[in-house]
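>>> structure for this input, please:
(chains A and B)
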Amino acid sequence: AQTVTQSQPEMSVQEAETVTLSCTYDTSESDYYLFWYKQPPSRQMILVIRQEAYKQQNATENRFSVNFQKAAKSFSLKISDSQLGDAAMYFCACSPTSYGKLTFGQGTILTVHP
Amino acid sequence: DSGVTQTPKHLITATGQRVTLRCSPRSGDLSVYWYQQSLDQGLQFLIQYYNGEERAKGNILERFSAQQFPDLHSELNLSSLELGDSALYFCASSPRGISNYGYTFGSGTRLTVV
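Below is the predicted model of the structure:
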């Protein structure tokens, strides 16, 4: 079994600033995948970024990057140059295998102030 | 459009009734996952089907059942509905293995039990 913990129920950031969302996980699997999903008010689940645990290099997608610390089982999301459209609920998730189910954290609500 | 189609988008029904939620996965995807998102909660895994076979089961109530048909679409059946079953139900799909775009979610079915 795996667990995912997001310790920040809410975060806020000023437009154009940088914010980091925290996530820790626990799994007994040696190979797994980590994801960040965004859920805007429309409630659509949108994949933001993914990381394969066997890759040491941190994933980056435009303004979104992760800090993956495998030994610490930490997977934080950094959003640079925050935009109003980044305001949403962000979920961290873990999947132990290529066929496995996603286990989600409880989410972090991100507010972006103009 | 994510490629995963869920119908209906909204459903209002009375306690004790039975409803069926439908999901058509993205073209080429063999796995279908069902998740429940209650108010102020994260996503809870219900069940996974892979190419017509049940692959994994989460905290799915006995009143709930699902199946995946030969054309790979899936249905989630909810019976003897209770007020607490009101939630957003998501379907997600994935190909045989993890792809670069991870799991693809539908837009969800919002179920309201009155």
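>>> count of neighbours near A:Asn67?
Using other Cβ atoms under 10 Å in any protein chain shown, the number of residues around A:Asn67 comes to 15. (Each C-beta comes from the backbone N, C-alpha and C, glycine too.)
>>> check which helix or strand it maps to.
Secondary structure assigned from DSSP states H and E places A:Asn67 in strand A:64-69.
>>> list the strands paired with that strand, with their directions.
strand A:60-61 (antiparallel), strand A:74-79 (antiparallel) (DSSP bridges).
>>> out of these, which gets nearest to B:Leu11?
Counting by Cβ to Cβ, B:Leu11 lies closest to strand A:74-79 out of the strands paired with strand A:64-69; the figure is 33.1 Å.
>>> pull out the buried residues from the closest one.
A:75-79 (16 or more other Cβ atoms under 10 Å in any protein chain shown).
>>> give me the nearest residue to A:Pro114, chain neighbours excluded.
Ranked by Cβ to Cβ, 6 or more residues apart in numbering or on different chains and with sequence neighbours excluded, the top spatial neighbour of A:Pro114 is A:Glu15, at 5.2 Å.
>>> what parts of chain B come near chain A?
B:2, B:31, B:33, B:35, B:37, B:41-43, B:45, B:48, B:50, B:55-56, B:58, B:88, B:90, B:92, B:94, B:96-98, B:100-105, B:107-108, B:110 (Cβ under 8 Å from any Cβ of the partner chain).
>>> any idea what A:Asp26 is bridged to?
Bridge pairing for A:Asp26 - DSSP bridges - gives A:Thr3.
>>> quick one: it from chain B, how far?
Distance, A:Asp26 to chain B, using Cβ to the nearest Cβ, to the nearest Å: 16 Å.
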